[in-house]
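Enquirer: here is a sequence with its predicted model. Questions after.
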There are 2 protein chains.
Amino acid sequence: MTRAFNFSAGPAALPEEVLQQVAAEMLDWRGSGMSVMEMSHRGSQFMSIMQAAQQDLRELLAVPSNYRILFMQGGAIAQNAIVPMNLLGRSSHTAAIDFIHTGHWSGRSMVDARKYAPVNIAASSQDTGFACIPTQTSWKLSQDAAYVHVCTNETVHGVEFHFTPDVGEVPLVADMSSHILSREIDVSKYGVIFAGAQKNMGIAGLTVVIVREDLIGHTLPFCPSAFDWKIVADHDSMFNTPPTFAIYMAGLVFQWLKRQGGVAAVERRNVEKAALLYDCLDASDFYRNPVDKDCRSRMNVPFFLQQPSLNEAFLAGAQERGLLQLRGHRLLGGMRASIYNAMSIEGVQALVDYLREFERRL
Amino acid sequence: MTRAFNFSAGPAALPEEVLQQVAAEMLDWRGSGMSVMEMSHRGSQFMSIMQAAQQDLRELLAVPSNYRILFMQGGAIAQNAIVPMNLLGRSSHTAAIDFIHTGHWSGRSMVDARKYAPVNIAASSQDTGFACIPTQTSWKLSQDAAYVHVCTNETVHGVEFHFTPDVGEVPLVADMSSHILSREIDVSKYGVIFAGAQKNMGIAGLTVVIVREDLIGHTLPFCPSAFDWKIVADHDSMFNTPPTFAIYMAGLVFQWLKRQGGVAAVERRNVEKAALLYDCLDASDFYRNPVDKDCRSRMNVPFFLQQPSLNEAFLAGAQERGLLQLRGHRLLGGMRASIYNAMSIEGVQALVDYLREFERRL
């Protein structure tokens, strides 16, 4: 098979030109005589790769100078524990963590948070099957929360925040794993942003944490050193050996994104791609997306055939056409098309063509 | 520059044929239409990669069936906290952790362990500048230790255990990061073995944990779910998204190792390589390795020029000859040649030739 259109929710498709560059540099990175994978993380060559990646990410997201960018490991799931272990030292031990429960991933985050503090579900869309984001006026925030946790794009349920919550002085913590760099954001409205890299930034094994400086240094005493943001920040993400190849990959993706015109340009394309796919789904009774229109994710589009008995035939036909990894998350079944930055409009068009063809054929 | 001889202590040299395979498979893994990096970790393709890697490692190290192999993140440094968080639930809260202090890395491990339990330094070679491994008869183990921690190869100080400690019924925990797979071991003598992959198994970002089943499930309540061995084991290392590309790389290295004849064959080569280098150093007063002969590491060879003023000239000449990353660890200065499995005898011979030439030229 030649290169296919890959709709995986993550690890996910990467820009082909990035993969070509990686293959070309594999045995000898720019005359160094070695692969990036073989370099000491403390050598000048890798240091320059790492610094460029940090600087490019700072530029792409317009990260203010009072925020640190940390490269960590363990994914967003590890941050579910790392965030409370790092933030709860600044609160009284009775302070609750406010959660906005909008789908699978915000739910998962609560499980670990409960080990460290009481959890207050300030709002939930569970009774709608997570088909919307509760409007902010309905949120019942605690008087004195340690922080407010949101998952701004729910990869499984396909809902996305299209507004920035305002929670006053309380730190707003956002799991942006599946839509970071897909749209412009105002970083200054957040206390902490974290994201696994394997959707819009690169490959699995790298976690990016963007944290306001005043929130660093309040770690609970049992937090492992490798996950203490202060230690990580003080060592420029080199307290432990960083995932060097994953950082190199992220750096190449950041440079690719700059060549695309940056986040604003990519966001316009993402709006266009999402409209193309949702319009196709909405135009037919054969397919169904259950999410409220104003909360739909631009990145992750779950959809269902009205006749689930056709699911396997649909997937087999998609595979034949080089439309890969469309099977839905095991919790929801059905289908899911993840259309991250690296998915081209041609890929979405090919999917739309197939959706129409499959319906027509029957 | 073409491919050089790379003596980095880690991330470290990889077998060239592995890198060639990675480059060849970069855009299309075996007709799948995608890179391994782009595959869902839950898809059948990546699952087969992961299972093969686990099975090959089990075979290479003859891991008994009552041990689990876990693929984790955070490196050995994270395990410094993860190990006590996972083992201390089976001990009284006053039980000490016994440490054998043999160099930088066992020292680092103590720092995190102290957060969770009292530490007893049962033996230390600090007064010798970590030039030896204390003989086991001198160890002052606690009556009822939670476990005994050893670092069986000290990457910085270049000392290696050439015997397997016997600590009776107490679990023996070994950080084998820098010599795993370089020699045959009897896994059944250990309770827990952990190792970062970036020296002898692949690339940074993957940590391998081999743990006896009865030691799983005794986690302290505040251990993050992603680092709870029981949760990791119950989810076959897929509780969080695993570092898929790093696992693929490790799998390729395991297959390469099997093609070399397995661990026993590689160990014979490692003995030969180490002898070649140490014999050269010992034959000259110009160079010095400070470690007792019967404790010298086969993997990491620190050495010092009698005239430190020549260090930069030595390194520049080495670089010219394609002998890379020989600068010693910042704590010790001088030089260090790491000669892991992927370093060929030709590479060690080239270094030896240069050592002789540099001395002769002066």
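Expert: Nice, I can see it.
Enquirer: burial check on A:E357, number of neighbours?
Expert: A:E357 is flanked by 11 other residues according to other Cβ atoms under 10 Å in any protein chain shown. Every C-beta, even on glycine, is put in place using the N, C-alpha and C of the backbone.
Enquirer: contacting residues around it?
Expert: For A:E357, the contact set (Cβ atoms under 8 Å, 6 or more residues apart in numbering or on different chains) is empty.
Enquirer: put the alpha carbons of whichever strand or helix holds it into CSV.
Expert: In the assignment (DSSP states H and E), A:E357 maps to helix A:345-361. These are the backbone C-alpha positions of helix A:345-361, laid out as CSV (Å, rounded to 0.1, in the frame of the first residue of the first chain):
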residue,chain,number,x,y,z
ILE,A,345,-8.6,18.5,2.9
GLU,A,346,-8.1,15.8,0.2
GLY,A,347,-8.3,13.2,2.9
VAL,A,348,-11.5,14.5,4.3
GLN,A,349,-12.9,14.8,0.8
ALA,A,350,-12.0,11.2,0.1
LEU,A,351,-13.9,10.2,3.2
VAL,A,352,-16.9,12.2,2.3
ASP,A,353,-16.9,10.7,-1.2
TYR,A,354,-16.8,7.2,0.4
LEU,A,355,-19.6,8.1,2.8
ARG,A,356,-21.8,9.1,-0.1
GLU,A,357,-20.8,6.1,-2.2
PHE,A,358,-21.4,3.6,0.5
GLU,A,359,-24.9,4.9,1.2
ARG,A,360,-25.7,5.1,-2.6
ARG,A,361,-24.5,1.5,-3.2
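Enquirer: what about the closest residue in space to A:A52 that isn't next to it in sequence, which helix or strand?
Expert: Spatially, and ignoring its direct neighbours in sequence, A:A52 is nearest to A:G251 (5.7 Å; Cβ to Cβ, 6 or more residues apart in numbering or on different chains). A:G251 belongs to helix A:244-259 when assigned by DSSP H and E.
Enquirer: buried stuff in the very next helix or strand once past that helix?
Expert: The helix or strand immediately downstream of helix A:244-259 is helix A:262-282, counting by DSSP H and E. Within helix A:262-282, the residues that count as buried by 16 or more other Cβ atoms under 10 Å in any protein chain shown are A:G262, A:V263, A:V266, A:E267, A:R269, A:N270, A:K273, A:A274, A:L277, A:Y278, A:C280, A:L281.
Enquirer: now render the residues you listed as CSV, adding distance to B:T207.
Expert: Below are these laid out as CSV (distance: Cβ to Cβ, whole Å):
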residue, distance to B:T207
A:G262, 35
A:V263, 33
A:V266, 34
A:E267, 36
A:R269, 38
A:N270, 35
A:K273, 37
A:A274, 38
A:L277, 39
A:Y278, 41
A:C280, 44
A:L281, 42
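Enquirer: can you map out the strands along chain A?
Expert: Counting by DSSP state E, one finds strands in chain A at the ranges A:5-6, A:67-72, A:97-101, A:119-124, A:147-151, A:153-154, A:159-160, A:172-175, A:192-196, A:207-212, A:287-288, A:300-305, A:323-324, A:335-338.
Enquirer: right, and the ones you listed - which one's nearest B:S48?
Expert: Closest to B:S48 of these, according to Cβ to Cβ: strand A:323-324, at 16.0 Å.
Enquirer: can you name the residues of the stretch 101-250 of chain A that neighbour chain B?
Expert: When proximity is defined by Cβ under 8 Å from any Cβ of the partner chain, the stretch 101-250 of chain A lies next to chain B at A:111-112, A:115-116, A:196, A:198, A:203-206, A:220-222, A:224-227, A:239-246, A:249.
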